[in-house]
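[1] Sequence first, predicted model second:
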Amino acid sequence: MSYKLPDLFIEQIKGVHGDEASEWLNNFEGLIADCEEMYGLHIQQPFNLSYNFVAPATTSDGSEVVLKVVVDQKEFEAELHALQLLSGESTVKVLAFEKERGIMVLERIRPGQTLAEIEEDDKATLIAANVMKKLMVPAPVDSNLPTVLDRENSLKRIYQHYNSYHPVSKATIEEALFITEKLNISIDEPYLLHGDLHHYNILANGDFWTIIDPKGLIGDREYEVVQYLLNKLPEHGVEEITEKRIDIFVDVLNLNKERVLLRAYSHAVLATCWTIEDGHVKESFLNTIQVFKHLVRKYI
């Protein structure tokens, strides 16, 4: 089957992966044809694409699956490893994979609505908190998964080139780095985290909720809630909604509220700088920095 990949998808992966993306795009048609032959798949039109190719497919016996092809080898290995370590009723199942070319065949989750479709924010947050409670496990003793130290090093690099990250100030980046360093050296017990657990990575699966697309990250439990806090925020009343979310997570997961606030603020700075690097900085990202800065000043 021939695919016309969206221009935005092509632009995004070239922006992130450079020459590696160009080579991947040149080989894409052959790769998809190989997947259809190797796994007996009839691959359909892809889902909305961001940084990897993901499409529904049917097998020769009519079963529904999902084909995922990851551009970056390191990212693929981290996701696969995380899926294997987190395996259980709350994690999408890996049916087949090929490491060399970043191929995964995954179960198709039905009905598949994301948590974002639940309009009542408190209800959605409580569901997310209970999913996280089932999911988080102590970090493996020996692992090549990324850690919160990698996030710290990313902030260090950004601080060294702070002039490139306007409108985020040097003082803000410096503060975020200082906070991150202090938090990282004070982790009592590291955990295996999803690393990108927000509304759109939690899907309805029958009577359960199942996670997809883990980044795989080793860090403190408070870091796991940060991506959720930064996503699907309303136009008005952001600080109030954010506080309510934090209180639910702290209560259900027995987290340290101070660490949650500090993690959220420092990561909001890092995430905003990442968007600046990608050339897609949004006002909403800048706003989250101010929201968490105010909450930190309010409670700490």
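    Sure thing, it's come through.
[2] hmm, who's touching stretch 21-38?
    1-3, 5, 10, 13-14, 17, 41-43, 53, 67, 69, 71, 98, 101, 103 (Cβ atoms under 8 Å, 6 or more residues apart in numbering). In this view, the C-beta of every residue, glycine as well, is placed from N, C-alpha and C.
[3] Just the buried ones from these?
    Buried members of the contacts of stretch 21-38, scored by 16 or more other Cβ atoms under 10 Å, are 13-14, 17, 41, 43, 53, 67, 69, 71, 103.
[4] Show me the shaky parts of the stretch 51-200 of the chain.
    Within the stretch 51-200 of the chain, no stretch falls below the threshold (pLDDT under 70).
[5] per-domain residue ranges of this structure.
    7-108, 113-299 (automatic domain parsing).
[6] Name the stretch among these that sits most buried.
    Most buried of the domains of the chain, by mean neighbour count (mean count of other Cβ atoms under 10 Å): domain 113-299, with a mean of 18.
[7] How far off centre is that domain?
    In terms of Cα atoms, centre = their mean, to the nearest Å, the centre of domain 113-299 is found 9 Å from the chain centre.
[8] First-to-last residue distance for that domain?
    Start-to-end span of domain 113-299 (Cα to Cα, to the nearest Å) is 36 Å.
[9] What residues does residue 66 make contact with?
    Counted by Cβ under 8 Å, 6+ apart, residue 66 has contacts 54-57, 105-108.
[10] ugh, wrong one, I meant residue 259
    Per Cβ under 8 Å, 6+ apart, neighbours of residue 259: 183, 220, 222.
[11] tell me which element the first one falls in.
    Right, residue 183. Element membership of residue 183, judged by DSSP states H and E, is helix 170-185.
[12] And what about the residue lying farthest from the centre of the chain, helix, strand or coil?
    In the chain, counting by Cα atoms, centre = their mean, residue 61 sits farthest out from the average C-alpha position, at 32.5 Å. Using DSSP: H, G, I helix; E, B strand; the rest coil, the secondary structure recorded for residue 61 is coil.
[13] Relative to residue 16, how far out is residue 280?
    11 Å (Cβ to Cβ, to the nearest Å).
[14] what are the ranges of the helices in the stretch 51-200 of the chain?
    73-85, 121-135, 148-160, 170-185 (DSSP state H, counting those that start in this stretch).
[15] For those helices, give me JSON lines that also has distance to residue 239.
    Formatted as JSON lines, the helices of the stretch 51-200 of the chain follow (distance: least, Cβ to Cβ, whole Å):
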{"stretch": "helix 73-85", "distance to residue 239": "32"}
{"stretch": "helix 121-135", "distance to residue 239": "13"}
{"stretch": "helix 148-160", "distance to residue 239": "24"}
{"stretch": "helix 170-185", "distance to residue 239": "18"}
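[16] so which of those comes closest to residue 234?
    helix 121-135 (7.9 Å; Cβ to Cβ).
[17] Give the other helices and strands that that closest one contacts.
    Secondary-structure packing of helix 121-135 (3 or more Cβ pairs under 8 Å, 6 or more residues apart in numbering; DSSP states H and E): strand 202-205, strand 208-211, helix 238-253.
[18] Let me have the ones you listed in TSV, adding distance to residue 156 and mean pLDDT as columns.
    Below are those laid out as TSV (distance: least, Cβ to Cβ, whole Å; pLDDT from 0 to 100):
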stretch	distance to residue 156	mean pLDDT
strand 202-205	32	97
strand 208-211	30	96
helix 238-253	27	97
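[19] and residue 294, which of the ones you listed is closest to it?
    Closest among these, using Cβ to Cβ: helix 238-253, at 6.6 Å.
[20] Only alpha carbons, please: show the closest one as PDB.
    Below are the C-alpha coordinates for helix 238-253, written out as PDB (Å, rounded to 0.1, in the frame of the first residue of the first chain):
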ATOM      1  CA  VAL A 238      -5.400  27.200  35.100                       C
ATOM      2  CA  GLU A 239      -3.900  27.700  38.500                       C
ATOM      3  CA  GLU A 240      -7.000  26.400  40.300                       C
ATOM      4  CA  ILE A 241      -7.300  23.300  38.100                       C
ATOM      5  CA  THR A 242      -3.600  22.600  38.500                       C
ATOM      6  CA  GLU A 243      -3.800  22.800  42.300                       C
ATOM      7  CA  LYS A 244      -6.700  20.400  42.300                       C
ATOM      8  CA  ARG A 245      -4.800  18.000  40.100                       C
ATOM      9  CA  ILE A 246      -1.800  18.100  42.300                       C
ATOM     10  CA  ASP A 247      -3.800  17.500  45.500                       C
ATOM     11  CA  ILE A 248      -5.400  14.400  43.900                       C
ATOM     12  CA  PHE A 249      -2.100  13.000  42.900                       C
ATOM     13  CA  VAL A 250      -0.500  13.700  46.300                       C
ATOM     14  CA  ASP A 251      -3.400  12.000  48.000                       C
ATOM     15  CA  VAL A 252      -3.700   8.900  45.900                       C
ATOM     16  CA  LEU A 253       0.000   8.300  45.300                       C
END
